[in-house]
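# with the input below, show me the fold.
(chains A and B)
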Amino acid sequence: MNIVVCVKHVPDAQSERTFNEDNTTDREGVDGLLSELDEYPVEAALQLVDAAQGEVTVLTVGPDQAADAIKKSLQMGAHRGVHVNDAAIHGSDAVATSLILAEAIKKIGDVDLVLTGLASTDGTMSVVPAMLAERLGLPQVTVASELTVEGGKATIRRDGDVASETIEASLPAVVSVTDQINEPRYPSFKGIMAAKKKPVETWSLADLGVDAGSVGLDAAWTTVESFEKRPPRQKGQIVTDEGDGGTKLAQFLSAQKFI
Amino acid sequence: MNAKHPGRKPSLDPLDLVGIDDVLSDEEKAVRASVRQLCDKSIDPHVAEWFESGELPVARELAKELGDLGLLGMHLQGYGCAGMSAVDYGLACLELEASDSGIRSLVSVQGSLAMFAIHRWGSEEQKQEWLPRMAAGDAIGCFGLTEPDYGSDPGSMRTHARRDGDDWVLDGAKMWITNGSIADVAVVWAKVDGDEGGSEIRGFVVPTDTPGFSAPLIKHKMSLRASVSSELVLDGVRLPQSAIFPEVRGLKGPLSCLNEARYGIIWGSLGAARSSFEAALAYSKERVQFDKPIGAFQLTQSKLAQMSTELNLGALLALHLGRRKDAGTLLPQQVSVGKLNNVTKALEICRTARTILGANGISLEYPVIRHMNNLESVLTYEGTPEMHTLVVGQALTGESAFR
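Predicted structure coming up:
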């Protein structure tokens, strides 16, 4: 089984995140890492090929430092990496990103399963998996908290507020997974050493036959108009117990959909 | 100037004040991150409890997990070992000891003493039999050199091995042996009659299920409580000729192993210090007295600045010695400088951190008193500060003041 995992290199949420003058995310001035939500599809892919052979290719779109996201995935055990890197990609929105990913996946070819995380931890759009499936003409089964692949079919469990659905799709398919699906491994020393020798290909837009004018900031359907820092956290709500504290607490939790 | 990102403004990290991370490679940072993740998940949530109960109930499972990551004998080549660099090994020791000196001791004794001894001095048969299982964490090793009456002066040991036909028979006792009671194999150093009269020290690989071998647990410790410390009793332990290290003779054998373990301690001790410093720094910002955080008082700032400075100096020394070790130019006397300085300073840092935490400094709710008590052992094991001082003294003057 050949699996492509789409991963993203994002600014480390632990450090001070900023924007560039053109209101795009500053990816140069801060430390980045493999989006934590993307560790889950990498782990899911590794578990699938551990059980049934095959190859895991990690695919990322991003500037030079995005290679670190591929490297981390290779250290975890993925077999090879593809990095689409082109100056014209700067400022691309989800629509353009899905186009680039789709063309790259077509070029990789012979793919049984495309896995993604739930969302990137920087843009948090959550729409790329669906767009990608549409562009590839593949079934999309998203928000999977459980995934099994058997007999040419992918079966997922999707947990909603009130019920869990079990959904089946024929392969090849695009599946996005949540942070409930597994516990991502950390790279072993052997994995760290082996990653140095694993193949990583770097492709430009021209390699994919994608017109540079169809991606990037100028072609984006959405633009960031302005931004401001999140206001400091407000004081929490204090529930005074006048004999009905329990009920008030339950109402609060229910309103927030915690219970 | 940031080497990797030339355009980026340098930023200040209180936990890496002078920016030593800049000179670590991405792989070295990846090694460190993986060890930290293991510690966060499998050690830190439990270690205060292990320390309090004076037990390491999960030693076997933990060894397996450490083996899976590649930590056991990680700087050795072949036989299932990960073949990492000395700096990688140092960074791993630092993270382990930031969790607990006892856990770092388990790994040091397994990798740098028992496995290194077999790897460096063992026969091919001994290596094949033990190293892959020890690297995987399926077999645990210990190292018997110190005796009840002989610590700094191991050459005077009483444990001896005598020939009986083709066999060797070992009698004697070893003391303060980390991993002893849980070990599958013990590397034991003993005196044998020399070929030309007198006696010489030889090493033996002793399966711990050999009749006559026992390893009673040492109790009533106030330090390294999350670590197994044992006595080894050798009462007519009969071994075949194949159990002896074929070539090495004299103190050179065990001392070469101690040099490896001491190197790990140069880094490890900084881990205990870093953890205590972190706790003290965080506490100094939260603890309010006289209407301001205690970190706003000059006396506390002085302590924090001193601690941080020593931590950074120690880290630079460790890294420098590690690069020398990787280059094959590290001398034992230089290891003595590192162990002497870093453990002494680490202990001072922990004691200072203890004062910043006030009464909370003695509680196991915080890591500080645990690290401080642990370092009391680390201070004197693998060479007391007195011995390392004399080694340095001899290196400087050419005069031995202890022999």
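
# output the set of residues of chain A in proximity to chain B.
When proximity is defined by Cβ under 8 Å from any Cβ of the partner chain, chain A lies next to chain B at A:28-29, A:65, A:68, A:71-72, A:75, A:186-190, A:192-193, A:196. Where C-beta positions appear, they are placed from N, C-alpha and C, glycine not excepted.

# going through these, which ones are buried?
Among the residues of chain A next to chain B, those classed as buried by 16 or more other Cβ atoms under 10 Å in any protein chain shown are A:28-29, A:65, A:68, A:71-72, A:75, A:186-190, A:192-193.

# so what's the residue of chain A found nearest chain B up against?
Of all residues in chain A, A:Phe189 sits closest to chain B, with a separation of 3.2 Å (Cβ to the nearest Cβ). Listed by Cβ atoms under 8 Å, 6 or more residues apart in numbering or on different chains, the contact set of A:Phe189 reads B:Val31, B:Ser34, B:Leu69, B:Gly70, B:Leu71, B:Met74, B:Ala82, B:Met84, B:Asp88.

# could you find the closest non-adjacent residue to the second one?
In other words, B:Ser34. A:Tyr186 (4.5 Å; Cβ to Cβ, 6 or more residues apart in numbering or on different chains).

# next: the first one.
Excluding its sequence neighbours, the residue lying closest to B:Val31 (Cβ to Cβ, 6+ apart) is B:Asp88, at 4.7 Å.

# so what's A:Tyr9 up against?
For the record, residue A:9 is His, not Tyr. A:His9 neighbours (Cβ under 8 Å, 6+ apart): A:Arg27, A:Gly32, A:Leu33, A:Leu34, A:Ser35, A:Thr60, A:Gly62, A:Gln65, A:Ala66, A:Ala67, A:Asp68, A:Ala69.

# would you format those residues as TSV with secondary structure, distance to A:Ser204 and pLDDT included?
Shown next, in TSV, are the contacts of A:His9 (DSSP: H, G, I helix; E, B strand; the rest coil; distance: Cβ to Cβ, whole Å; pLDDT from 0 to 100):
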residue	secondary structure	distance to A:Ser204	pLDDT
A:Arg27	coil	18	78
A:Gly32	strand	21	87
A:Leu33	strand	24	91
A:Leu34	strand	22	94
A:Ser35	coil	23	94
A:Thr60	strand	14	97
A:Gly62	coil	13	94
A:Gln65	helix	17	92
A:Ala66	helix	14	95
A:Ala67	helix	14	95
A:Asp68	helix	19	95
A:Ala69	helix	18	96
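
# in those, find the pair that's most separated.
Spatially, the most separated pair among those is A:Ser35 and A:Ala67, at 14.4 Å (Cβ to Cβ).

# do a quick rundown of the strands in the stretch 1-150 of chain B.
Under the criterion DSSP state E, counting those that start in this stretch, the stretch 1-150 of chain B contains strands at B:141-144.

# meant to ask about chain A
For chain A, applying DSSP state E gives strands covering A:2-6, A:9-11, A:32-34, A:55-61, A:80-84, A:113-116, A:140-144, A:146-150, A:153-159, A:164-170, A:173-177, A:200-203.

# that older thread, distance to B:Pro385 and pLDDT added to the contacts of A:Phe189, as TSV?
What follows is the contacts of A:Phe189, written out as TSV (distance: Cβ to Cβ, whole Å; pLDDT from 0 to 100):
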residue	distance to B:Pro385	pLDDT
B:Val31	29	97
B:Ser34	33	97
B:Leu69	32	97
B:Gly70	32	97
B:Leu71	28	98
B:Met74	27	97
B:Ala82	32	96
B:Met84	29	97
B:Asp88	27	98
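
# of those residues, which is the most crowded?
Highest neighbour count within those, by other Cβ atoms under 10 Å in any protein chain shown: B:Val31, with 32 neighbours.

# tell me how far it lies from B:Val343.
23 Å (Cβ to Cβ, to the nearest Å).

# so where's chain B shaky on pLDDT?
Along chain B, segments meeting pLDDT under 70 span B:1-8.

# rerun that using 80 as the cut-off
B:1-10, B:194-197 (pLDDT under 80).

# give me the neighbour count for the spatially closest residue to B:Ser123 that is not a sequence neighbour.
Counting by Cβ to Cβ, 6+ apart, B:Pro246 is the residue found nearest to B:Ser123 once chain neighbours are left out, at 5.2 Å. B:Pro246: 14 surrounding residues under other Cβ under 10 Å.

# please apply the same query to the one 3 residues further on.
Neighbourhood size, B:Arg249 [other Cβ under 10 Å]: 14.

# what's near enough to touch it?
Contacts of B:Arg249 (Cβ under 8 Å, 6+ apart): B:Glu200, B:Ile201, B:Arg202.
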